[in-house]
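>>> Need a 3D model of the following:
(4 chains)
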Protein chains: 2
Amino acid sequence: MRPAATPADPAAAVVTPETSPPGTVLPDGGRPLRADAARNREAVLTAAEEEFAARGLEASISAIARRAGIAKGTVFRHFATKEDLATAIAARHARELTAIARRLRGSTDPEAALLEFLTEAAGRLQRRRVAVLMTVPAPGSELDRLQREVHDAVVPLVDEARAAGVLREDVTGTDVFLLMCAPVHTVDALADPPPELWRRYVGVVFDGLRPAGASPLAHPAPTWR
Amino acid sequence: MRPAATPADPAAAVVTPETSPPGTVLPDGGRPLRADAARNREAVLTAAEEEFAARGLEASISAIARRAGIAKGTVFRHFATKEDLATAIAARHARELTAIARRLRGSTDPEAALLEFLTEAAGRLQRRRVAVLMTVPAPGSELDRLQREVHDAVVPLVDEARAAGVLREDVTGTDVFLLMCAPVHTVDALADPPPELWRRYVGVVFDGLRPAGASPLAHPAPTWR
DNA sequence: GCACAACATGACCGAGCGGTCAACTTGCTA
DNA sequence: TAGCAAGTTGACCGCTCGGTCATGTTGTGC
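Numbers count the residues shown, from 1 in each chain, chains lettered A, B, ... in the order given. The predicted structure follows:
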């Protein structure tokens, strides 16, 4: 029989993260990974990102393993379930968006800042096609928390733009958060879209958020979760 | 052995459509269906629409059959493959959109007409969640033709609105066709969206299409297929 | 350089899928 | 109302999937 604490279940391992050297890969607060394991873990994440991008959530673990050049079992050693793997990728994406939003906060040009955020978000979404992975997560889950983090980082950006008079009065941070993915989805209906076409629809959506020519909206703003 | 011409392969059946009484169900130009078969066919379509709406393209034929109250084999009698079934539903949707666009053409109020089209399209999309089924079809396929039909019906609507000065100069029919689904996708990121929230984003997108406050778009307009 | 925990491997499992078909039932026509 | 083509059925097939695990391999601390 195997030891009770398998690495795929990090919660079961007793860990002292402070003792590990800085810069070491610590998967979710676990002990540092062995060198080969760290390499493989990264290979799985990269392969999965590509495979999910190409085939959506139906991408198979076998195909991901093949692309990463390792055996299927190894994938499951690092990510207990397929869902865990998808979550890890979506989480990485969410963390990036949060960082971008926080960096742009307090800009002297709130209009440019908001536009840059929308552009960065759509661009990443386009490149990684991670949209499918951003579906509504289980309440209280890690991804749920990370999505809220993105949302909460967007709100001040929107507030600043509105205060500066470059954004319509009736639009909220939640609106912008939701509209973030629209330009990429828009392009998806095309068989072979020009790789930068999404920028066009970022423009259209952004113009729809401007005060000039804004007509009253038919429905009150939603609240986040 | 079975007779060579199975109903699931209508092309193999010799047919004289003119001889059948009007109003009879004629699946793709075949002979009229028996009463029970016509009932079942409709039940399959309804069940599939609901099941695809709930679970997307991964909805299983078994589940659809169960929901329709018939055996799995019967589903395959009416639709040779799962893809055929999905196509039939998407085709129904496309035909409706084409009809709406054609009806609204030549309106005395092109602005209201365009808004009504966008609202109708988004509303249907929201109710039937048929968006997943509208993915890029095989070139030359029936669905490809029907999508082009919708597209071509939208173009004059957009041209009229532009000519009336209620639409920005740099927006094309293809743009509007692509943006049609955006409001529904926008709402999808919410766990439990208010059922009419999509109307809010129809408003935002439509305002983005107005001439007032329009800024130059970053990318040239796409062409359709 | 040894010893052992950590890690990698791939054959294997049960479940569920899309799709088939021989046997049975039923609506329609003459 | 008899006869039969049209329609229905559900057991069955081959296949792929996510996930497991006994066995073999390897990086690492001493």
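
>>> Residues of chain A that sit close to DNA strand D?
Residues of chain A lying near DNA strand D by CB under 7 Å from any atom of the strand: A:1-2, A:34-36, A:58-63, A:72-73, A:76, A:80-83. (C-beta placed from N, C-alpha, C; glycine too.)

>>> Of those residues, just the buried ones, ChimeraX syntax please.
Buried members of the residues of chain A next to DNA strand D can be picked out in ChimeraX with the line below, counting by 16 or more other CB atoms under 10 Å in any protein chain shown:
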select /A:59,61,63,76,82
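
>>> Leaving out sequence neighbours, find the closest residue to A:Leu125.
Nearest residue to A:Leu125, sequence neighbours excluded (CB to CB, 6 or more residues apart in numbering or on different chains): A:Val184, at 4.6 Å.

>>> And that neighbour, how far from B:His185?
9 Å (CB to CB, to the nearest Å).

>>> quick one, which of these two is more surrounded?
A:Val184 (25 against 22; other CB atoms under 10 Å in any protein chain shown).

>>> would you put the C-alpha positions of the helix or strand where that one lies in CSV?
Taking DSSP states H and E as the definition, A:Val184 sits inside helix A:182-188. In CSV, the C-alpha atoms belonging to helix A:182-188 read as follows (Å, rounded to 0.1, in the frame of the first residue of the first chain):
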residue,chain,number,x,y,z
ALA,A,182,-17.3,40.4,-25.5
PRO,A,183,-14.8,41.5,-28.2
VAL,A,184,-13.2,38.0,-28.4
HIS,A,185,-16.5,36.2,-28.5
THR,A,186,-17.6,38.5,-31.2
VAL,A,187,-14.7,37.5,-33.4
ASP,A,188,-15.3,33.8,-32.8
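
>>> Just to check, A:Thr174 is in contact with A:Pro222?
Yes - using CB atoms under 8 Å, A:Thr174 is in contact with A:Pro222, at 5.6 Å.

>>> need the contact list for whichever residue of chain A sits closest to DNA strand C.
Using CB to the nearest atom of the strand, A:Gly73 is the residue of chain A that sits closest to DNA strand C, at 1.8 Å. Shown in contact with A:Gly73 (CB atoms under 8 Å, 6 or more residues apart in numbering or on different chains): no residues.

>>> buried sites along stretch A:103-112?
A:104-105, A:107, A:110-111.

>>> ok, so of these, who is nearest B:Leu179?
B:Leu179 lies nearest to A:Glu111 out of these, by CB to CB, at 22.3 Å.

>>> Identify the residue spatially nearest to the closest one, adjacent ones excluded.
Spatially, and ignoring its direct neighbours in sequence, A:Glu111 is nearest to A:Val166 (3.9 Å; CB to CB, 6+ apart).

>>> where does that neighbour land in three-state SS?
Here A:Val166 is coil, with the state taken from DSSP: H, G, I helix; E, B strand; the rest coil.

>>> now the one 4 residues further on
With three-state DSSP as the basis, A:Asp170 sits in coil.

>>> which parts of chain A sit against DNA strand C?
Residues of chain A lying near DNA strand C by CB under 7 Å from any atom of the strand: A:3, A:7, A:31, A:33-34, A:36-37, A:40, A:70-74, A:76-78.

>>> Okay, now the unreliable bits of chain A?
A:1-30 (pLDDT under 70).

>>> what about the residue nearest to A:Glu111, how many residues close to it?
Around A:Val166 there are 19 other residues, counting by other CB under 10 Å.

>>> what does A:Leu190 give?
By the measure other CB under 10 Å, the count of residues near A:Leu190 is 17.

>>> Surely it touches B:Leu178?
Yes - counting by CB under 8 Å, B:Leu178 is a contact partner of A:Leu190 at 6.8 Å.

>>> Now for the two: what residues contact both?
B:Pro222.

>>> any idea which helix or strand carries A:Val176?
Assigned by DSSP H and E, A:Val176 falls within helix A:173-179.

>>> so how far is that helix from its chain's centroid?
The gap between where helix A:173-179 is centred and where its chain is centred comes out at 15 Å by CA atoms, centre = their mean, to the nearest Å.

>>> Output the contacting helices and strands for it.
Packing contacts for helix A:173-179, counted by 3 or more CB pairs under 8 Å, 6 or more residues apart in numbering or on different chains; DSSP states H and E, involve helix A:110-128, helix A:142-163, helix A:198-209, helix B:182-188, helix B:198-209.

>>> any idea how far the first one is from the chain center?
Its chain's average C-alpha position is 13 Å from that of helix A:110-128, according to CA atoms, centre = their mean.

>>> just the second one next, same as before
Here helix A:142-163 is found 13 Å from its chain centre; the criterion is CA atoms, centre = their mean.

>>> Give the buried residues for stretch A:169-176.
Buried residues in stretch A:169-176 (16+ other CB under 10 Å): A:170-176.

>>> And the helix or strand encompassing A:Ile64, how far out from the chain middle?
Secondary-structure assignment from DSSP H and E places A:Ile64 in helix A:61-68. Offset of helix A:61-68 from its chain centre (CA atoms, centre = their mean): 22 Å.
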